[in-house]
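K.L.:
I would like to see how this sequence folds:
(chains A and B)
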Amino acid sequence: GAVVSQHPSRVICKSGTSVKIECRSLDFQATTMFWYRQFPKQSLMLMATSNEGSKATYEQGVEKDKFLINHASLTLSTLTVTSAHPEDSSFYICSATGGSLDSGNTIYFGEGSWLTVV
Amino acid sequence: QKEVEQNSGPLSVPEGAIASLNCTYSDRGSQSFFWYRQYSGKSPELIMSIYSNGDKEDGRFTAQLNKASQYVSLLIRDSQPSDSATYLCAPLSNSGYALNFGKGTSLLVTP
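P.N.:
As a prediction, the model looks like this:
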């Protein structure tokens, strides 16, 4: 089946630095990718939706200048956490789909990336 | 985001029993619903989807949907210890793309 790969799976960075997380669709063209954040024992919270070649749509309360999303190709989206702080430590998960789910497409999740800011 | 309510649990059932997981949602426009299983520290994996009112069976899993009551449930028959995980209810948003996740119900199947 289709696979979505996320990298790195775990990253530790110093407070104030930036970190980039990659999300790749390995065997299908991902027209739409999603970035979620999940704190311990909490639900997945949608951060933003990105379509290839256009600006990401951010959910209310998510700072677009802090969480930079680039979806430059049909197989790659990146999330850059800029000027990271300890409160940004979380599990970041991407997902991807080749079309709308109510048209029979499936959404595939990456393995997730654990970010720890020290 | 639209509200998706799930009992956080933990729901504890003995091995071999039926586990019943419930979910209510606030967005009356939701037409498609997905159940995901998430093991600790891992990303969600799709169990099944349901689009029409009624029951949908897939192996040991049965999803039930009642759009009038804005209620969707997941039954797991012959529960196994390996079913112990958090189960996430996810209605599809009106855009047809994004999923709105509940907080999930933690299920513990005891041997």
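K.L.:
and the gap between B:Q31 and B:Y39?
P.N.:
As judged by Cβ to Cβ, to the nearest Å, B:Q31 and B:Y39 stand 28 Å apart. Any C-beta I mention is one placed from the backbone N, CA and C, and that applies to glycine too.
K.L.:
And those two? Which one has more around it.
P.N.:
Shown here are B:Q31 and B:Y39; by other Cβ atoms under 10 Å in any protein chain shown, B:Q31 has more neighbours (16 against 12).
K.L.:
mind listing what the residue of chain B positioned farthest from its centre touches?
P.N.:
Farthest-out residue of chain B from its mean C-alpha position, per Cα atoms, centre = their mean: B:P111, at 22.3 Å. Listed by Cβ atoms under 8 Å, 6 or more residues apart in numbering or on different chains, the contact partners of B:P111 are B:E15, B:P81.
K.L.:
from memory A:F67 sits against A:A84, does it?
P.N.:
No - in this structure A:F67 lies outside contact range of A:A84 using Cβ atoms under 8 Å: 10.2 Å.
K.L.:
And those two? Which one has more around it.
P.N.:
Using other Cβ under 10 Å, the more surrounded residue of A:F67 and A:A84 is A:A84, with 22 against 19.
K.L.:
so what does the helix or strand of chain A with the lowest mean pLDDT touch, helix or strand wise?
P.N.:
One helix or strand of chain A scores below all others by mean pLDDT, DSSP states H and E: strand A:107-109, with a mean of 88. When contacts are defined as 3 or more Cβ pairs under 8 Å, 6 or more residues apart in numbering or on different chains; DSSP states H and E, strand A:107-109 packs onto strand A:90-97.
K.L.:
and the spatially most central residue of chain A, which of the three is it?
P.N.:
Centroid check for chain A by Cα atoms, centre = their mean gives A:W35 as the closest residue, at 3.2 Å. Here A:W35 is recorded as strand under DSSP: H, G, I helix; E, B strand; the rest coil.
K.L.:
That one: what's it in contact with?
P.N.:
Each residue near A:W35 by Cβ under 8 Å, 6+ apart is listed here: A:C23, A:L46, A:M47, A:A48, A:S50, A:F67, A:I69, A:S77, A:L79, A:Y92, A:I93, A:C94.
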